[in-house]
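In: Build me a model:
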Amino acid sequence: MKKYLIGLVLLLPSIVFASESVWVSGTPDYPANNATEYNTPFTGCQTYEDNGYERQVVVAGPGTISKLYATSSKTPGSGNSWTLTIYKDSGGGWEATDITCTMSDSEQTCDCGAATDTIAAGDLILMYTIPTSGPTGGAVIKWSVTFDGDNAAESIYGFGAWDLHTSYVRYFQAVAYSSAGSSVETQQNVVPINGTIRDLYVKAHNNPSEGDSWIITLMLDGEPTALTCTIADDGGGQTTCNNTSDTVAVTAGQKIAFEADPESYPDATRLGGGYIFVADTDGEFMLLSGGNDDLNPSATEYGAVHTHGWGLGSQGGKKQLSTAFTATGMYVYTTAVAGAGNSYDFALDDDTSSTSVTCQIAGDADTTCNITGESVSIATTSYLETSIVPTSSPDVVDARVSYIGYIAPEEAGERRVIMIGGNNEEDINSDWYSCLFGNTSVRR
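Out: Numbers count the residues shown, from 1 in each chain. Sure, this is the predicted structure:
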């Protein structure tokens with residue numbers, strides 16, 4: 001009697017989910033129209049630089065980047081263009097990714113279409129802004145990118161710092177490039193969701209010099225955590241460190257920052273880095289902003305939604321471009337109370353219109369407010385900013401604002417092999433047809 005074994009490969013649902021997050025970006029600064037300049041692709045509201053090391057950040061977790069959208073406040077002019085391209089350095093030098101788009105002649109928008117590219121832990125990344133034939137100067141360029149993490153619930157964040165002191169501890173914000181300061185209080189960002197921070201990567205431009213080091217540590221509510229790493233030069237010119245072992249659990253409303261501790265007077269440097277945030281709720285991610293700019297107690301101001309010190313200004317001046325997601329809430333922290341009978345109202349504005357994502361700091365007791373459970377659909381190419389409205393001349397305060405973003409996880413397929421056996425050819429034919437097409441005469 002012949003026996004048979006057949007392998008049938010089917011695409012069946014699995015429990016693997018992709019986790020998308022949005023890099024809302026753009027800056028009121030404008031790039032040079034006669035030379036390539038650089039910015040971090042993660043966020044904006046900071047100047048372009050002509051040296052890439054001044055804006056590079058480190059990828060902390062693997063994934064796919066896609067959906068680059070860009071806009072310009074001015075047309076490039078006939079025969080001219082702007083090209084925006086994300087570059088990465090995986091250890092062999094800078095190379096262009098497929099995430100690129102060009103605005104030419106009378107165009108003021110572009111996108112990368114269906115293009116995707118991969119990034120991996122330890123990669124350096126930069127946004128290159130490349131002019132061709134002298135496009136119109138003074139153009140304010142905004143962009144947004146989508147990151148699809150390889151692992152469920154993961155989003156990645158980039159940071160950087162200058163003004164580090166070679167003798168004293170300094171602190172800097174957990175998003176974008178910021179000027180380091182002597183007080184952790186002035187550098188904190190408020191976390192809007194529960195989750196875990198892990199996989200810290202740091203890259204210094206200059207090595208500390210032999211025998212010296214920089215210790216970089218995640219701070220939580222002003223206290224050091226176990227998530228730390230040391231750039232120590234043992235004679236080999238080291239400029240990097242990472243910590244992929246320790247994790248830090250955080251809850252909504254807590255505040256995070258980074259500390260740079262110099263040991264033995266290291267050489268001066270800038271540094272960039274990155275970390276992973278694993279949300280307790282798959283699909284959630286953070287937009288972090290605020291700091292180092294006192295609120296106006298007598299006039300409405302506007303700030304960016306994902307940046308370091310946000311440089312408050314008039315409506316539209318700090319707006320940032322987004323791709324599609326759902327805004328579900330916000331958290332606000334102020335450095336002082338508004339005062340009895342006074343208040344500040346904070347709101348997420350979408351294309352200059354306030355949404356239902358809003359909360360109020362009021363009176364002589366509160367320094368925090370939050371709202372959750374909202375469902376505001378943000379469309380691709382929407383411009384986002386935070387509006388801050390004072391009432392009754394509140395006291396002058398500084399603020400940190402963060403938003404909860406959500407993109408429903410997509411269930412991925414998985415190839416599975418199902419083995420079907422039988423005693424003879426007739427059994428095999430009847431059995432596997434029955435499994436596929438529901439023949440009631442299948443043998444058990």
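In: what's near enough to touch the residue most central in space within the chain?
Out: Residue closest to the mean C-alpha point of the chain, counted by C-alpha atoms, centre = their mean, is Tyr157 at 4.2 Å. Under the criterion of C-beta atoms under 8 Å, 6 or more residues apart in numbering, the contact list for Tyr157 reads 42, 60, 174-175, 274-277, 286, 288. C-betas here are computed from N, CA, C, even on glycine.
In: what bridges to it?
Out: Bridge pairing for Tyr157 (DSSP bridges) gives the partners Tyr275.
In: circling back to that earlier point, could you single out the nearest of the contacts of Tyr157 to Ser133?
Out: Phe42 (29.3 Å; C-beta to C-beta).
In: A strand includes the closest one, no?
Out: No. Phe42 is assigned coil when assessed by DSSP: H, G, I helix; E, B strand; the rest coil, not a strand.
In: what about the closest residue to it other than its chain neighbours, distance to Ala174?
Out: Once flanking residues are discounted, Phe42 sits nearest to Gly158: 4.1 Å by C-beta to C-beta, 6 or more residues apart in numbering. Distance, Gly158 to Ala174, using C-beta to C-beta, to the nearest Å: 10 Å.
In: Also Ser73?
Out: 29 Å.
In: more crowded one of these two?
Out: Neighbour comparison, Ser73 and Ala174: the larger count goes to Ala174, with 26 against 13 (by other C-beta atoms under 10 Å).
In: Next one, pLDDT for the more buried one please.
Out: Per-residue pLDDT puts Ala174 at 94.
In: Mind checking what helix or strand follows whatever helix or strand Tyr331 lives in in sequence?
Out: According to DSSP states H and E, Tyr331 maps onto strand 325-334. Using DSSP H and E, the helix or strand that follows strand 325-334 towards the C-terminus is strand 339-350.
In: pull the CA atoms of that following strand into PDB?
Out: Taking C-alpha atoms only, strand 339-350 is exported to PDB below (Å, rounded to 0.1, in the frame of the first residue of the first chain):
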ATOM      1  CA  GLY A 339      -2.800  82.300  38.800                       C
ATOM      2  CA  ALA A 340      -6.200  82.700  40.400                       C
ATOM      3  CA  GLY A 341      -8.900  83.400  37.800                       C
ATOM      4  CA  ASN A 342      -6.500  83.000  34.900                       C
ATOM      5  CA  SER A 343      -6.000  80.300  32.300                       C
ATOM      6  CA  TYR A 344      -4.200  79.100  29.200                       C
ATOM      7  CA  ASP A 345      -6.100  77.000  26.700                       C
ATOM      8  CA  PHE A 346      -4.100  74.700  24.500                       C
ATOM      9  CA  ALA A 347      -5.500  73.100  21.300                       C
ATOM     10  CA  LEU A 348      -4.300  71.100  18.300                       C
ATOM     11  CA  ASP A 349      -5.000  73.200  15.200                       C
ATOM     12  CA  ASP A 350      -5.500  71.400  11.900                       C
END
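In: Buried ones in that strand, by neighbour count?
Out: Neighbour-count burial for strand 339-350 flags 339, 342-350 (criterion: 16 or more other C-beta atoms under 10 Å).
In: Ala260: which of those residues is nearest?
Out: Phe346 (29.9 Å).
In: Can you get me a residue count around the nearest residue in space to the closest one that is not next to it in sequence?
Out: Once flanking residues are discounted, Phe346 sits nearest to Val332: 5.1 Å by C-beta to C-beta, 6+ apart. Val332: 27 surrounding residues under other C-beta under 10 Å.
In: just Ala338 next, same as before
Out: Residues within reach of Ala338, counting by other C-beta under 10 Å, total 27.
In: try Ile407
Out: There are 21 residues near Ile407, going by other C-beta under 10 Å.
In: Roughly how far does it sit from Ala340?
Out: 41 Å.
In: Check which helices and strands the strand holding Tyr331 sits against.
Out: Applying 3 or more C-beta pairs under 8 Å, 6 or more residues apart in numbering; DSSP states H and E, we find strand 325-334 packed against strand 4-24, strand 189-190, strand 339-350, strand 353-363, strand 368-371, strand 376-378, strand 399-406.
In: Using CSV, please lay out these together with mean pLDDT and distance to Tyr168.
Out: Shown next, in CSV, are those (pLDDT from 0 to 100; distance: least, C-beta to C-beta, whole Å):
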stretch, mean pLDDT, distance to Tyr168
strand 4-24, 62, 33
strand 189-190, 96, 22
strand 339-350, 98, 33
strand 353-363, 97, 32
strand 368-371, 98, 30
strand 376-378, 98, 41
strand 399-406, 96, 24
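In: which residues of the stretch 51-200 of the chain fall in helices?
Out: Taking DSSP state H, counting those that start in this stretch, the stretch 51-200 of the chain contains no helices at all.
In: hang on, the earlier thing: I'd like the distance between the residue nearest to Phe42 and Gln238.
Out: 21 Å.
In: Check Ile388 too.
Out: Ile388 sits at a distance of 43 Å from Gln238 (criterion: C-beta to C-beta).
In: swap in Ile197?
Out: Using C-beta to C-beta, which is the criterion applied here, Ile197 is 24 Å from Gln238.
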